[in-house]
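Novice: test case, fold it:
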Amino acid sequence: MLPNIAVKNIRTSKSIPFKNVCVKRRTTLLCFWGTWCAHGKHQLNDIAVAKKNWDKALNVDVVAIATDEDKMAHLLLPYITAKKWNFDCYIDEGSRLKQVLKTTALPYLIIVAPSGQITYTHTGYINAATILTQLQLAAHK
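Specialist: A predicted model of the protein is given here:
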């Protein structure tokens, strides 16, 4: 089960409980990253490209969660806008979510099945083909 900790949408500045970022009956890919993390940025750029094909084959949502320190939050909106990421992007203010999930390194991925079950987690960069395989497995749970 996902924690009930508030995360703030980078584009709208509205906060919602983290557990509500996943839509029932859809597979969700949660990607934790930071502006200082080259592998995390590279992974999200790869996902942004691959997502166009995933949308045709899967009912999947991609959600990026920045773990930057609050004093660096002003860099997030210009960055995601420049990258043209076409998915929801949030910030974990105060790193509370990161602490509860015991995330120690980035990038960190969580795949949530349409049932709400966490089916996959991974720390470190992995390619989009591997992520797609895990999304396909999760879609049937």
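Novice: if I look at residue 102, how far off is residue 94?
Specialist: Noted for residue 102: a distance of 16 Å to residue 94, by C-beta to C-beta, to the nearest Å. C-beta here means a position set from N, CA and C on the backbone, and glycine is covered the same way.
Novice: whoops, residue 49 was the one
Specialist: Relative to residue 94, residue 49 is positioned 32 Å away (C-beta to C-beta).
Novice: which residues of the protein fall in helices?
Specialist: For the chain, the helices defined by DSSP state H occupy 38-57, 76-83, 96-100, 128-139.
Novice: quick one: contacts for the residue in the chain sticking out farthest from the centre?
Specialist: Distance from the C-alpha centroid of the chain, by C-alpha atoms, centre = their mean, peaks at residue 71 (20.8 Å). Residues in contact with residue 71 (C-beta atoms under 8 Å, 6 or more residues apart in numbering): none are found.
Novice: leaving out the residues flanking it, which one is nearest to residue 121?
Specialist: Leaving aside its chain neighbours, residue 121 sits nearest to residue 110 (5.3 Å; criterion: C-beta to C-beta, 6 or more residues apart in numbering).
Novice: isn't that neighbour up against residue 116?
Specialist: No: if you go by C-beta atoms under 8 Å, residue 110 and residue 116 don't touch, sitting 12.0 Å apart.
Novice: of these two, who's got more company?
Specialist: residue 110 (20 against 14; other C-beta atoms under 10 Å).
Novice: number of nearby residues for the nearest residue to residue 25 once chain neighbours are set aside?
Specialist: Distances taken as C-beta to C-beta, 6+ apart place residue 114 nearest to residue 25, at 4.9 Å, with adjacent residues excluded. As a burial measure, residue 114 scores 18 neighbours (other C-beta under 10 Å).
Novice: tell me the phi and psi of residue 114?
Specialist: phi -60, psi -30 (degrees, to the nearest 10).
Novice: which ones are touching it?
Specialist: Neighbouring residues of residue 114 by C-beta under 8 Å, 6+ apart: 24, 25, 26, 27, 59, 138, 139, 141.
Novice: how far is stretch 101-111 from where the chain is centred?
Specialist: Mean-position distance between stretch 101-111 and its chain equals 10 Å (C-alpha atoms, centre = their mean, to the nearest Å).
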